[in-house]
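**Student:** here is a sequence with its predicted model. Questions after.
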Amino acid sequence: MLVAAGELFAARGFAPVTMRAIGDSAGLDNSSLYRHFASKSELAREVLRRAMAELADEMVPSAAQMAPTLEGLVEFGTRAALHLWDHPNTARLILHWTISAKDSATGFDVSLPIDAVGAPSGDFYRGIVGLFDATRKAGEAREVAWPEAFVAIVGAVALRPATYRSLLASQEPQRSAAAARNAWEQEVRILLRGMLTP
């Protein structure tokens, strides 16, 4: 059920996907879905929580181990970008979440403060902000306005994995997946150094 919902939300966004479509994709009827989730919002929140938990499980421990240097911060950001490259549905879900978290017309709501305590999204956010603050205090990174800079960086590193892989497949079929991933890694390092160098 959650896999089917995640694939549909990632492909189409939240608003167009109905509980019936999720049930059909999962081979379940609507009553089965509603026994587990009271609403599409609740189901979407669980899909997002699981996607962010995977990202946080990989990234939060490394944030605590990174040196508070520009290169440590760039390495952390690059690892997060590569996680999204390797999990493009997570990248797409994050983008859909940021642009359509709440719809007053339909009552759909998956909004969640990015720094929510006890939520994987909050754990990830606090991990990177803690690393950034330590790096900034060490004079290794420039002053930037949070959370605006965080949103800009996440948007930049999530957009490409969410869209570029399928574009490459159609426009540059001869380019190998490994070459595309390597090029993306180099682009992220350049982008982050450019944004964060003092």
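**Tutor:** Cool, the structure landed. Numbers count the residues shown, from 1 in each chain.

**Student:** from here on, just use CA atoms for contacts and neighbour counts.
**Tutor:** OK.

**Student:** for this protein, which helix extends over the most residues?
**Tutor:** helix 40-65 (DSSP state H).

**Student:** any buried residues in that helix, and which?
**Tutor:** 40-41, 43-48, 50-53, 55-56, 59-60, 62-63 (16 or more other CA atoms under 10 Å).

**Student:** cool, stretch 181-191 as well?
**Tutor:** Arg181, Trp184, Glu185, Val188, Arg189, Leu191.

**Student:** could you dump these to JSON lines with secondary structure, pLDDT and distance to Pro120?
**Tutor:** Converted to JSON lines, the buried residues of stretch 181-191 look like this (DSSP: H, G, I helix; E, B strand; the rest coil; pLDDT from 0 to 100; distance: CA to CA, whole Å):
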{"residue": "Arg181", "secondary structure": "helix", "pLDDT": "85", "distance to Pro120": "25"}
{"residue": "Trp184", "secondary structure": "helix", "pLDDT": "85", "distance to Pro120": "25"}
{"residue": "Glu185", "secondary structure": "helix", "pLDDT": "91", "distance to Pro120": "24"}
{"residue": "Val188", "secondary structure": "helix", "pLDDT": "90", "distance to Pro120": "23"}
{"residue": "Arg189", "secondary structure": "helix", "pLDDT": "94", "distance to Pro120": "25"}
{"residue": "Leu191", "secondary structure": "helix", "pLDDT": "89", "distance to Pro120": "25"}
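
**Student:** and these, which two are the farthest apart?
**Tutor:** Arg181 and Leu191 (15.2 Å; CA to CA).

**Student:** check what pLDDT Trp85 gets.
**Tutor:** Turning to Trp85, the model gives it a pLDDT of 90.

**Student:** use 29 as the first number for this chain going forward.
**Tutor:** Sure thing, new numbering starts at 29, so read that last one as Trp113.

**Student:** great, nothing more from me.
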